[in-house]
Every structure is written in structure tokens, then in C-alpha cells.
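[1] A predicted structure for the sequence below; I have some questions about it.
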Amino acid sequence: GLCCFGILPLAALLGDATEQVALHTNETLSGLLNATFGNATELIVAICALNRGLLAVVQTSLLGSILSNTLLVLGCACLAGGVVTPAPRFNTVAAISNAAL
């Protein structure tokens, strides 16, 4: 039950390490590192659970990660965009071009 609290310091340490590396690199590389190592703790948990044969734990963890990343990030982006510009205007040509992709 309390084993999950052992992951929290690892996540904080990885976050601090990627921030320190980002200070010495450009924005593109720092964003790539942050996206890569942002899910490192989930990967470690998944590997340990697979080694113990806990496939359901891995599946549930990955599903929760995908849903939380998708819904939380999208929701925060929509909320921040709504606060900054309550009635946004879009370029119609760009929107049609991006929708066609």
C-alpha cells in the first residue's frame, strides 16, 4: 500500500534533473528530454510489474497515464486559452489545412 510513496522522490529527482539539463540546452532538446523522462517512473513501475507477472497492473497504469495526460493537458490548455482569450479567432485556411491532415 505504501510502496507507491517510494516513487515520488524518484519522480521529483528526475524532474529536477531534466530542468537542470534544460538550462544548458535549447528549447527543443529540453522539451524532448522533459517528454521522455516525464514518464520514466511509469516505465520503471511497468517493468517491475511485468517481471512479477502483473499484466493487469501494467495495463491499468498505462491506461490511466494515457487518459490523465490526454484529458488533463487538453483541459488545462482549453482553460488557459479561455482565460486569456474568451472569444478566440482562428485563421480559416489554416484550420481547414490542419483538419485535412
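    Yes, it's here.

[2] could you use CA atoms for every contact and neighbour count after this?
    Fine.

[3] find the centremost residue of this structure, please.
    Residue closest to the mean C-alpha point of the chain, counted by Cα atoms, centre = their mean, is N69 at 5.2 Å.

[4] packing partners of whichever strand or helix holds it?
    Take DSSP states H and E as the rule and N69 turns out to sit in helix 55-84. Helices and strands touching helix 55-84, by 3 or more Cα pairs under 8 Å, 6 or more residues apart in numbering; DSSP states H and E, are helix 40-51.

[5] list the contacts of L55.
    A49 (Cα atoms under 8 Å, 6 or more residues apart in numbering).

[6] same check on I7?
    Counting by Cα under 8 Å, 6+ apart, I7 has contacts T41.

[7] and it, helix, strand or coil?
    At I7 the chain is in helix, as set by DSSP: H, G, I helix; E, B strand; the rest coil.

[8] from N39, how far out is it?
    For I7, the distance to N39 equals 12 Å [Cα to Cα, to the nearest Å].
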